[in-house]
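Chemist: model the following, please.
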Amino acid sequence: MRKLLIWTRRWHGNLAIVFIFPILIMAFTAILIVHGKALGIRNIYIDASWWPGYQTNTANSQQNIRSIVEKENGWWLLSSAGLFDITNNQATLVTPLADKDIRSLIATTDGVLAVSDKGLWREQQGKWLQIFKGNITQASGNEHSIVVMLRGKGSMQSHDNGATWASLNPVMSSLLTQNPVLSQQSSKISLAQLIRDIHKGVALAGDKNQWIWVDSIALSLIFFASTGIFMWWNKQKSRFTKSRDKVST
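Modeler: Numbering: from 1, shown residues only. The predicted structure follows:
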């Protein structure tokens, strides 16, 4: 039993050193993800083709495409590198939206809409006009109206191409009140979604305060990993010193 205990401790220490670095990477990147908007890293583009998972090829390039909308003589194409105007096979970066962190494109009868966490933009004769300000999580549009879902603030609707907006929250509340079945189901989420929300801290601290959860966990991991490395190094240094003293004597 003692040999097993010694063997377990030895491998625990050795493997801990190996896995500490992935833990540190996860902790640092978690903080960067949550505070990415404030730090401005969402607007910085770099060449990541040297990473093993980003080797340049056609398949990986297509995976970087987030949204695409057909237009006359070409396409609007949204990729991880930004929004591009492809006309007659010539691609041009839409510079006015380069720093807007565009999430998706929506095709409507009046043109294409660009959705970001800062608002909603419409393309009109080569110019991009912001028709709504706010943290949009999802949007849709047709010939009658445009609807946007806001993070933590419900939904808004426009019937005049974004000139004026009205809240849909009273309408949704009325629908839920008049339909008990829908009201009961609206409070239910999938187990997978609950697990993701618990992991991100949303289920515990809310969407606005999830950064507290992420930062606490990340900083704890960084602390334990850093002190673990220090203790391991100190222990190895002590062993080396004892071994050297024995040789010298």
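
Chemist: and the residue nearest the centre of this structure?
Modeler: The centroid of the chain falls nearest to I33 when counting by C-alpha atoms, centre = their mean (6.3 Å).

Chemist: ok, it to S140 distance?
Modeler: According to C-beta to C-beta, to the nearest Å, I33 and S140 sit 27 Å apart. For glycine as for every other residue, the C-beta is placed from the backbone atoms N, C-alpha and C.

Chemist: F19 too?
Modeler: From F19 to S140 the distance is 44 Å (C-beta to C-beta).

Chemist: more neighbours, these two?
Modeler: Between F19 and S140, S140 has the larger neighbour count (other C-beta atoms under 10 Å), namely 13 against 10.

Chemist: quick one: the strands in this protein, in order.
Modeler: 65-71, 74-79, 82-87, 90-93, 102-108, 111-116, 119-124, 127-133, 136-141, 146-150, 154-158, 166-167 (DSSP state E).

Chemist: buried residues of the third one, list them for me.
Modeler: Using 16 or more other C-beta atoms under 10 Å as the burial criterion, the residues of strand 82-87 that qualify are 82-86.

Chemist: just those now: which is nearest F224?
Modeler: G82 (38.6 Å; C-beta to C-beta).

Chemist: show me what that closest one bridges to in the sheet.
Modeler: On the basis of DSSP bridges, G82 is bridged to S79.

Chemist: any idea how far L129 is from it?
Modeler: 18 Å.

Chemist: ok, now S67?
Modeler: For S67, the distance to L129 - C-beta to C-beta - is 19 Å.

Chemist: do the same with E72
Modeler: 19 Å.

Chemist: neighbour-wise, which of the two wins?
Modeler: More crowded of E72 and L129, by other C-beta under 10 Å: L129, with 13 against 5.

Chemist: please name the residues that touch the more buried one.
Modeler: Counting by C-beta atoms under 8 Å, 6 or more residues apart in numbering, L129 makes contact with 121-122.

Chemist: again with T109
Modeler: By C-beta under 8 Å, 6+ apart, T109 lies in contact with 142-143.

Chemist: what about it, distance to N142?
Modeler: 7 Å.
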